[in-house]
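[1] below is the sequence, then the predicted model.
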Amino acid sequence: MTKSASRREAVIDKIADYVLAEGLSASSLRPLAEAAGTSDRMLLYYFKDKAELMAAALERVSARFAGHLQAQLSGKRLAYEPLRKKVVKIVLAPEAAPYMRVWLEIAANAGRGDPFYRAVGGALARGFLAFTEAQLDVPPARRRTEALTLLAAVEGTMLLHSLGLDEVARL
């Protein structure tokens, strides 16, 4: 890896850390540059624009959470309900909170019609959907439907939790 590529990767890691700590709404170019220990001009040297930078950072955030999720699961396929319970426990754990806050921000921005966040959010959701399909121990003909149901259940649980309805979210 070249020095420039190595530096770019380090910048992505620092920006991902910043996004997890501060959120998307605090992610204008100057604070991002400060978090990365560089100037906003240097950020635009490594990335053609802010959209490319944020896409790389959110991809890194997603990869980190996917690794965390994979590490928490046993590696063997599970039926829908045991998998739902495990995934809900993982996403509601304190260490997942920064990831879930970012996810909810992405969803809110996408819901407002932001094409960037709609594309990023859709890609992340499709990734989670593929991941859950691979985790489900159900006949192949039902796998996609149950993975979609699981995605909706987890999303609903996260939303209820974020609204302070933990007694409902933990059902």
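    Thanks, I have the structure now.
[2] let me see the domain layout of the chain.
    Structurally, the chain divides into domains by automatic domain parsing as follows: 1-62, 73-171.
[3] residues of the helix or strand containing residue 88 that come out buried?
    Here residue 88 sits within helix 80-92, counting by DSSP states H and E. Neighbour counts over helix 80-92 (16 or more other C-beta atoms under 10 Å) mark 80, 83, 84, 86, 87, 88, 90, 91, 92 as buried. Heads up, the C-betas are built off the backbone N, CA and C, glycines and all.
[4] toward the C-terminus, what is the element adjacent to it?
    Per DSSP H and E, the first helix or strand lying C-terminal to helix 80-92 is helix 97-111.
[5] the spatially most central residue of the chain: what's it in contact with?
    By C-alpha atoms, centre = their mean, the chain has its centre lying nearest to residue 62, at 4.0 Å. Neighbouring residues of residue 62 by C-beta atoms under 8 Å, 6 or more residues apart in numbering: 124, 127.
[6] cool, and residue 162?
    Neighbours of residue 162 in contact, by C-beta under 8 Å, 6+ apart: 100, 101, 104.
[7] make a markdown table from those residues and add neighbour count and pLDDT to it.
    As requested, the contacts of residue 162 are exported to a markdown table (neighbours: other C-beta atoms under 10 Å; pLDDT from 0 to 100):
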| residue | neighbour count | pLDDT |
| --- | --- | --- |
| 100 | 19 | 95 |
| 101 | 18 | 96 |
| 104 | 17 | 96 |
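[8] from those residues, pick the one nearest residue 21.
    Here the nearest of those to residue 21, counting by C-beta to C-beta, is residue 101; it sits at 9.9 Å.
[9] what's the spacing between that closest one and residue 77?
    30 Å (C-beta to C-beta, to the nearest Å).
[10] swap in residue 68?
    In this view, residue 68 and residue 77 are 19 Å apart by C-beta to C-beta.
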